[in-house]
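A.B. asks: need a structure here:
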Amino acid sequence: MKKTYLSLALAAVMVLSLLAGCGGGTQPSSAAPDPAPAPSSDAGSTATAPAPESNAPDASGKVMLYSSMQEDQLVAIKEGFEKKYPGITMEYYFAGTSKVVTKISTEAQAGHVDADVIWVGDAADYVSFKENDILQPYTSPELDGGAIDKAYVDPEGYYTAGRLVGVGIAYNNATVTPEEAPKTWNDLLDEKWKGQIVMSDPGTAGTTKYWMNAMMCSDKYGTDYMQKLHDNGCLLESGTTATHNQLAASAYKVGVCLDYVSANLIKDGSPITFLYPEETVSIASPIGLVKDCNNEANGKLLYDFILSKEGQEILVANNLVSVRTDVTQSVDLTTIPSFLECDMAKLAADSEANLTAFNGIWGL
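C.D. replies: Sure thing, here's the model as predicted:
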């Protein structure tokens, strides 16, 4: 693996400090979640395991994480955390971002959010978490020493980026050659891909919603691009896992995909090739500590573990990009041609309006 630095990514994912000063972020929905599909990163699930006897009286009990990450990555974090803190059981609820946000909103309206730590894909959601008094400020000791850039930290300490996600283009290499594969977002509008393009529904997948917002807020793309993408037969899958699995199964030829999900499938032998296009959309996915949570001390330990070198190395081993500069990345960020520049204030303010416009185009 090649040692890389995050300076390139920082220019594109400085959403935390910028969004902190923005109003009009995504408001948690109180609507009932969609029926859960087969188990995946978008199917609500709670995992528990008996906690081994603790050797540390001050590190026992449990901790609850709500997350939209892929379950393989959550299991890896759980195993690493419980190995470090054998007296604590890490439980998690995982689902697509919209379902996690709905669960948080519903519980907040009932008077108490049952999570200790929240970790979803769309950074704009943390603006409303903060505005709605769902999070509490916490400064992790892992921020000392400079391994995590301050730009990844909310200035008031309510959340910190825990991973970086790249949204790019993937293609099925059993049906598409490298020469004909799309290299830019505009290449997806070529008629040869008509009816052969897939993406996750941004109404359920937070990372795709962020990509949609970034594209629609850009003067280079905007709502017109989404209309053209729809007119070229781009189809929606209900969640991130389904999108990538269907692409791997040759149901589609090309797709708007995530780097780490593609990498996991590639490692397992799926016929997928992922590329970072010109104007790649990069996302800082934050973690936040819930206000008045049930297990605050353990929540802080989990927060710290995720940001620690040990925790970030677990993420890198699972094909995610670390927010730390002292971790050897599995992804060579220098291969990214360029990043899409976004007006983050506009992105946060227009998030719901963009989703409404998107749904109108797709007839949802």
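
A.B. asks: OK, contacts around the residue nearest the centre of the chain?
C.D. replies: Residue closest to the mean C-alpha point of the chain, counted by Cα atoms, centre = their mean, is Gly121 at 2.7 Å. Residues touching Gly121, when contacts are defined by Cβ atoms under 8 Å, 6 or more residues apart in numbering, comprise 68-69, 97, 165, 205-207, 209-210, 283, 285. Placement of C-beta: from N, CA and C, glycine included.

A.B. asks: which one of these sits closest to Asp58?
C.D. replies: Closest to Asp58 out of the contacts of Gly121 is Met69 (27.9 Å), distances taken as Cβ to Cβ.

A.B. asks: now that closest one, what's its secondary structure?
C.D. replies: Assigned state for Met69: coil (three-state reduction, DSSP: H, G, I helix; E, B strand; the rest coil).

A.B. asks: of the contacts of Gly121, which pair is most distant in space?
C.D. replies: Met69 and Lys209 (15.2 Å).

A.B. asks: neighbour-wise, which of those two wins?
C.D. replies: When Met69 is set against Lys209 and neighbours are counted by other Cβ atoms under 10 Å, the residue ahead is Met69, at 30 against 26.

A.B. asks: isn't the more buried one right next to Tyr93, touching?
C.D. replies: No: look at Met69 against Tyr93 with Cβ atoms under 8 Å: they stay out of range, at 11.2 Å.

A.B. asks: before we move on, the earlier item: relative to Gly145, how far out is the residue nearest to the centre of the chain?
C.D. replies: 27 Å (Cβ to Cβ, to the nearest Å).

A.B. asks: swap in Val127?
C.D. replies: Val127 is 28 Å from Gly145, by Cβ to Cβ.

A.B. asks: okay, those two: which has more neighbours?
C.D. replies: Taking Val127 and Gly145 together and counting by other Cβ under 10 Å, Val127 has the greater number of neighbours (27 against 10).

A.B. asks: my read: the more buried one touches Ala348, true?
C.D. replies: Yes: counting by Cβ under 8 Å, Val127 sits close enough to Ala348 to count as a contact (5.7 Å).

A.B. asks: buried residues in stretch 272-291?
C.D. replies: Within stretch 272-291, the residues that count as buried by 16 or more other Cβ atoms under 10 Å are 272-277, 279-291.

A.B. asks: take those and keep only those in helices.
C.D. replies: Mapping those onto helices (DSSP state H) picks out no residues; all lie outside.

A.B. asks: low-confidence ranges, this protein, go.
C.D. replies: Of all residues in the chain, those with pLDDT under 70 make up the ranges 1-57.

A.B. asks: and the helices in it?
C.D. replies: Across the chain, reading from the start of the chain, the helices by DSSP H fall at 7-10, 15-20, 71-84, 97-110, 125-131, 206-217, 222-231, 240-248, 259-267, 296-307, 309-317, 344-349, 351-362.

A.B. asks: list the contacts for Ile306?
C.D. replies: Going by Cβ under 8 Å, 6+ apart, Ile306 touches 77, 117, 119, 162, 287, 312.

A.B. asks: make a markdown table out of these and add distance to Tyr221.
C.D. replies: Below are the contacts of Ile306 laid out as a markdown table (distance: Cβ to Cβ, whole Å):
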| residue | distance to Tyr221 |
| --- | --- |
| Ile77 | 34 |
| Val117 | 34 |
| Trp119 | 28 |
| Gly162 | 28 |
| Ile287 | 30 |
| Gln312 | 32 |
